[in-house]
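Novice: dropping the sequence and predicted coords here.
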Amino acid sequence: MKRIIVDYAKLTTDILDLLVERYPDGYDHSDIISFKNSKGETVKAVEVNTDDTLYLVKISSQLQQTMEDYETDDDGSDTFDEIEITGDFDNE
């Protein structure tokens, strides 16, 4: 199985779909994984996986907001502003 570390700035819609599906109410402290990268820095991430790949998505404040915004934008409902129509609009 491949393991790929993904930064917030490089999220694809496929990975974002997986994140929202796995963490529909957001992630909490117990979902976070900590590890050392090749530079010896501690990285915090959440994981999502497909059949052949484990994605470790780095945690950031923008990640949570992006997940929330994406879920709202992708809920399948169309919303329209109510407008008032004035005047005569016959097609003659």
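Specialist: Good, I have the coordinates. Numbers count the residues shown, from 1 in each chain.
Novice: which strands or helices does the helix or strand residue 20 falls within pack on?
Specialist: Take DSSP states H and E as the rule and residue 20 turns out to sit in helix 13-22. In terms of contacts (3 or more CB pairs under 8 Å, 6 or more residues apart in numbering; DSSP states H and E), helix 13-22 is packed against strand 42-49, strand 53-58, helix 61-73. Heads up, the C-betas are built off the backbone N, CA and C, glycines and all.
Novice: least confident of the ones you listed, on average?
Specialist: Mean pLDDT per stretch puts helix 61-73 lowest among the helices and strands packed on helix 13-22, at a mean of 66.
Novice: and for residue 46, the neighbour number?
Specialist: Residues lying near residue 46 (other CB atoms under 10 Å) number 20.
Novice: likewise residue 26?
Specialist: Burial of residue 26 is recorded as 14 neighbouring residues (other CB under 10 Å).
Novice: same question, residue 55
Specialist: Using other CB under 10 Å, residue 55 is surrounded by 21 other residues.
Novice: okay, and the beta partners of it?
Specialist: Note on residue 55: beta-bridge partners residue 4, residue 48, judged by DSSP bridges.
Novice: repeat for residue 44
Specialist: Taking DSSP bridges as the rule, residue 44 bridges to residue 34.
Novice: so it sits against residue 36, correct?
Specialist: No: between residue 44 and residue 36 there is no contact under CB atoms under 8 Å: 11.2 Å.
Novice: of those two, give the one with the bigger neighbour count.
Specialist: More crowded of residue 44 and residue 36, by other CB under 10 Å: residue 44, with 12 against 9.
Novice: from residue 52, how far off is the more buried one?
Specialist: 24 Å (CB to CB, to the nearest Å).
Novice: and for residue 4?
Specialist: 11 Å.
Novice: ditto for residue 15
Specialist: Residue 15 is 14 Å from residue 52, by CB to CB.
Novice: cheers, nothing more for now.
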